[in-house]
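> Structure here, sequence nowhere to be found:
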């Protein structure tokens, strides 16, 4: 079971999040909280794998909350959800210690996938956030004139195909339909790719694919 905590200052949002996750058999919502002080205190004595922080503003106060919770709960994975998804804001939450960020384009499937990904030890960003981070990365490649080539021999031909399609914005379901496999198998392939290449996030996967000409920019 994946034990999940939810935080939002609006109780209606908490009820909605809890309802979305209640139908997933692997998930167990163990804490629903609307007070940051209560949240910090409760997490001291509870085992929580993933904390979902829904933030209506990315203030210094909220960033400090992420830093504080990371410091006191080193195994906790923090997933931020917010409609505010500028590049500057996303980078600040990552620097504070968040392991994932879901922007306003995200739906329930993204939320479920993000929780599984964080529990497996990898970072997760929704499509709009990935696009922001990749644009920053591509700009740095062009300005620095870098064209590194990493080893791809450790990947199977199927893994390279999946990496290429995923880098071209195919969803897990679309990839699964293309190869007549399950969505869970697609996710397993992605996890194996990250493990083989020692990557921490899906953004890193796309960076690898760009560097090695698996996908074009």
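Structure's in. What do you need? The structure presented is a predicted model; accordingly, all values stated were derived computationally and were not measured.
> what bridges to the spatially most central residue of the chain?
Nearest residue to the geometric centre of the chain (C-alpha atoms, centre = their mean): residue 124, 1.4 Å. Residue 124 has the following beta-bridge partners by DSSP bridges: residue 100.
> Surely it touches residue 79?
Yes - Residue 124 lies in contact with residue 79 (C-beta atoms under 8 Å); the separation is 7.2 Å. Glycine gets a C-beta too; all of them are placed from N, C-alpha and C.
> and for these two, which residues touch both?
Taking C-beta atoms under 8 Å, 6 or more residues apart in numbering as the criterion, residue 124 and residue 79 both touch 99-100, 114, 118.
> residue boundaries of the helices in the chain?
11-21, 36-43, 60-72, 87-96, 108-119, 127-144, 157-167, 172-179, 183-197, 202-211 (DSSP state H).
> Confidence-wise, which helix or strand of the chain is lowest on average?
One helix or strand of the chain scores below all others by mean pLDDT, DSSP states H and E: helix 127-144, with a mean of 66.
> re earlier: let me know which of the helices of the chain is the nearest to residue 54.
Residue 54 lies closest to helix 11-21 among the helices of the chain, at 5.7 Å (C-beta to C-beta).
> What residues sit buried inside the closest one?
For helix 11-21, burial by neighbour count (16 or more other C-beta atoms under 10 Å) applies to 13-14, 17, 21.
> mean confidence score for it?
Across helix 11-21, pLDDT averages out at 90.
> Which other helices and strands does that helix contact?
Helix 11-21 sits against strand 2-7, strand 27-33, strand 50-54, helix 108-119, with contacts defined as 3 or more C-beta pairs under 8 Å, 6 or more residues apart in numbering; DSSP states H and E.
> what angle sits between that helix and strand 50-54?
Interaxial angle, helix 11-21 versus strand 50-54 (axes from the mean of the first three to the mean of the last three C-alpha atoms, to 10 degrees): 140 degrees.
> Could you list the domains of this protein?
Following automatic domain parsing, one gets these domains for the chain: 2-126, 147-211.
> picking that back up, want to throw the helices and strands packed on helix 11-21 into a markdown table with mean neighbour count, distance to residue 183 and mean pLDDT?
Shown next, in a markdown table, are the helices and strands packed on helix 11-21 (neighbours: other C-beta atoms under 10 Å; distance: least, C-beta to C-beta, whole Å; pLDDT from 0 to 100):
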| stretch | mean neighbour count | distance to residue 183 | mean pLDDT |
| --- | --- | --- | --- |
| strand 2-7 | 22 | 17 | 96 |
| strand 27-33 | 17 | 16 | 95 |
| strand 50-54 | 23 | 19 | 95 |
| helix 108-119 | 19 | 9 | 91 |
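> closest one to residue 83 among those?
strand 50-54 (9.6 Å).
> Describe which strands that closest one pairs with in its sheet and in which direction.
Using DSSP bridges, the strands paired with strand 50-54 are strand 2-7 (parallel), strand 77-81 (parallel).
> So for residue 55, which of the ones you listed sits nearest?
strand 77-81 (6.0 Å).
> Show residues contacting that closest one.
For strand 77-81, using C-beta under 8 Å, 6+ apart, the contacting residues are 49-55, 66, 69-70, 93, 97-102, 106, 111, 114-115, 118-119, 124.
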